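J.: please work out how this folds:
(one chain, ligands or ions: 2)
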Amino acid sequence: MLSDPIIGNYYIGIMSGTSLDGIDVAIAQRTRHGFVQIAAAAPALDNKLRQQILTICQDKKVELQTLGEVDFQFACACAHVVNQLLEDSRLSAAQIEAIGSHGQTIFHSPNGAFPFTQQIGDANLIAAKTGITCVADFRRMDMAYGGQGAPLVPAFHQALFAKSGENRVILNIGGIANITILESDNKVLGYDTGPGNTLMDAWCEKVNGECYDKNGEFAFQGEVLPALLKLLLSEPYFSQSPPKSTGREKFNLQWLAKRLAQLDSGLNSNADIQRTLLELSAVTISEQIQLHSAACAVFVCGGGALNPLLMQRLQALMPDYWVSDTAALNIDPMFVEAIAFAWLAEQRLLENTIPLKAVTGARRDALLGCVYRP
Ligand SMILES: Nc1ncnc2c1ncn2[C@@H]1O[C@H](COP(=O)(O)OP(=O)(O)O)[C@@H](O)[C@H]1O
Ligand SMILES: [Mg+2]
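T.: Ligands and ions are numbered 1, 2, ... in the order given. Coordinates of the predicted model:
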C-alpha cells in the first residue's frame with residue numbers, strides 16, 4: 001500500500017456522462033492542496049458510435065455481439081483521447097500513475113428488485129492501449145453494499161471544495177443534475193435532483209436537429225408554459241427523499257411525450273416547450289438546494305454552466321444564494337467530473353475507502369474501483 005499522496009504525481013480522469021456529447025479527459029496533478037488541472041480535452045464522440053450507444057440506452061435491448069463490439073469501440077475511443085492528450089501535452093505514459101475511467105453508462109437501475117448499474121468501455125483495453133494502470137468499475141461496490149452507486153462526485157467535492165465554517169453547494173449540471181451540499185460542520189449530502197440538460201437536449205435534437213441548445217438561444221425565444229411545467233413537476237421522483245439517483249432510463253423523450261400528450265400541446269410552440277424544460281431543470285434544482293442548505297454560495301459545473309439562461313434562472317430562483325461556477329474555486333467547470341475520476345483512481349491505489357454512505361445510502365463506505373494493470 002502506498003503512503004500519503006505524493007506531491008507531483010499525475011493522474012488522468014475520463015468521464016462521459018448521460019449527455020453523450022463527448023469524452024472528457026483531464027490530466028491532473030496532485031498538490032498539497034488538492035488536484036490541479038494540467039491539460040484537458042473533450043472531443044465529441046464519433047457520430048456512429050454515439051448513435052449506437054444512444055440506441056442501446058433508448059431501446060434497452062441489444063444483441064450481445066453488438067454490446068461487446070460497442071464496449072470495445074468505446075474503450076478504444078477513450079484510449080485514443082488519452083494518448084492524444086499525452087502527446088499534445090508532451091507527457092509520457094510512464095509519468096502517469098493511473099487513469100480513472102468512469103465508462104459510459106448504458107443502464108442505471110438502483111431501485112429494482114435486482115439493482116444494477118452497467119458501464120461500458122473495457123478497462124483492460126484502455127490499460128493495454130495506453131500503457132497506464134486503469135481503475136474502473138467505480139459504482140458497483142457501493143451498490144453491492146445497498147447504495148445507489150451514484151452520485152460519486154460528492155466525495156471529491158468534499159475533499160477538494162469543502163471549507164470548514166462555510167456552507168457551500170456544488171451543482172453539477174450534466175445530462176442529469178446532481179447537488180453536493182457541503183455543510184460547515186463537514187457533513188455532506190448529495191444526490192441527483194433530476195434532469196439537467198438531458199430533456200432540453202432531446203427536445204432540441206428532435207425539433208431542430210441540433211444536439212443541444214447552444215447558449216440557450218432556442219429557449220430564450222419561448223415562454224414558460226405553466227400547465228406543462230406543473231404536469232412535469234408532478235413526477236414523483238422530484239418529491240422523493242434522498243438518497244436517490246436517476247438517469248436517461250427515466251428522463252427521456254418518451255417521458256416528455258407522454259406528458260405532452262396529456263395536454264393540448266398542439267397550441268404550443270417548440271420554443272415554449274424548450275423554455276419550459278429549462279425551467280423544469282432550474283426549478284427542481286433550486287428547490288432541492290433551498291430545501292437542504294442555508295443560503296450560501298452555489299458553484300456550478302458541467303455543461304449547464306455554459307447555458308446563460310439556465311444560470312440566470314437559477315440565480316433568480318435562489319435570490320439569497322450567490323450563484324457562480326467552479327472557476328471561482330480554480331477548477332474549470334467543464335472538467336470537475338473528469339478530475340473527480342482522476343482523484344478516485346488515486347484513492348483506489350492508496351486503498352482509501354470513499355466516504356459516500358451518507359450520500360448513496362450504502363451500508364458502509366467502500367473501496368471503489370478495480371485496478372487493471374497493463
Ligand atoms: N454553450 C452551451 N450552451 C448550452 N448548453 C451547453 C453548452 N455547452 C454544453 N452544454 C450542455 O451541456 C451538456 C454536456 O454537459 P456535460 O457536463 O458534459 O454532461 P454529461 O456529464 O451528461 O456528459 C450538453 O449536452 C449541453 O446540453
Ligand atoms: Mg459530457
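
J.: rest of the way, CA atoms for contacts and neighbours
T.: OK.

J.: identify the residues contacting the closest residue to residue 147 other than its chain neighbours.
T.: Once flanking residues are discounted, residue 147 sits nearest to residue 362: 3.6 Å by C-alpha to C-alpha, 6 or more residues apart in numbering. Counting by C-alpha atoms under 8 Å, 6 or more residues apart in numbering, residue 362 makes contact with 142-143, 145-148, 356.

J.: checking residue 362 next. Helix, strand or coil?
T.: The three-state label given to residue 362 by DSSP: H, G, I helix; E, B strand; the rest coil is coil.

J.: for it, report the pLDDT, please.
T.: According to the prediction, residue 362 has pLDDT 97.

J.: again with residue 5
T.: With respect to pLDDT, residue 5 scores 56.

J.: I'd like to know how many residues surround the residue of the stretch 51-200 of the chain found nearest ligand 1.
T.: Closest approach of the stretch 51-200 of the chain to ligand 1 (C-alpha to the nearest ligand atom) occurs at residue 174, with a separation of 3.2 Å. Using other C-alpha atoms under 10 Å, residue 174 has 24 neighbouring residues.

J.: for the closest residue to it other than its chain neighbours, give me its contacts.
T.: Counting by C-alpha to C-alpha, 6+ apart, the nearest residue to residue 174 once its immediate chain neighbours are dropped is residue 302, at 5.1 Å. With contacts defined as C-alpha under 8 Å, 6+ apart, the neighbours of residue 302 are 172-174, 333-337.

J.: ok, residue 239 - contacts?
T.: Listed by C-alpha under 8 Å, 6+ apart, the contact set of residue 239 is empty.

J.: which SS state does residue 86 fall under?
T.: Three-state assignment for residue 86 (three-state DSSP): helix.

J.: the longest strand seen in the chain packs against which elements?
T.: Counting by DSSP state E, the longest strand found in the chain is strand 96-109. Here strand 96-109 touches strand 10-16, helix 47-59, strand 116-120, strand 134-136, helix 336-349, going by 3 or more C-alpha pairs under 8 Å, 6 or more residues apart in numbering; DSSP states H and E.

J.: on that earlier part again, can I assume the residue of the stretch 51-200 of the chain closest to ligand 1 is in contact with residue 16?
T.: No: in this structure, residue 174 is not within contact of residue 16 by C-alpha atoms under 8 Å, at 9.7 Å.

J.: the helices and strands packed on strand 96-109 into a markdown table, with extra columns for mean neighbour count?
T.: Rendered in a markdown table, the data for these read as follows (neighbours: other C-alpha atoms under 10 Å):
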| stretch | mean neighbour count |
| --- | --- |
| strand 10-16 | 27 |
| helix 47-59 | 15 |
| strand 116-120 | 18 |
| strand 134-136 | 28 |
| helix 336-349 | 27 |
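
J.: residue 187 is nearest to which of these?
T.: Taking C-alpha to C-alpha as the measure, the helices and strands packed on strand 96-109 were each checked against residue 187, and helix 336-349 came out nearest at 18.9 Å.

J.: is any residue of the closest one near ligand 1?
T.: No: Helix 336-349 stays out of contact with ligand 1 when judged by C-alpha under 6 Å from any ligand atom, the minimum separation being 7.6 Å.

J.: tell me which other helices or strands that helix touches.
T.: Using 3+ C-alpha pairs under 8 Å, 6+ apart as the contact criterion, the elements in contact with helix 336-349 are strand 10-16, strand 24-31, strand 34-41, strand 96-109, strand 134-136, helix 153-161, strand 370-372.

J.: neighbouring contacts of it?
T.: Outside of helix 336-349, the residues within contact range by C-alpha under 8 Å, 6+ apart are 1-2, 5, 11-15, 24-28, 35, 37, 97-102, 134-136, 153, 156-157, 301-302, 353-354, 367-371.

J.: hmm, back to that, adding neighbour count, write the contacts of residue 362 out as TSV.
T.: Output for these, formatted as TSV (neighbours: other C-alpha under 10 Å):
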residue	neighbour count
142	26
143	21
145	17
146	18
147	28
148	30
356	26
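
J.: now those in TSV, with pLDDT?
T.: Below are these laid out as TSV (pLDDT from 0 to 100):
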residue	pLDDT
142	98
143	98
145	98
146	97
147	97
148	96
356	96
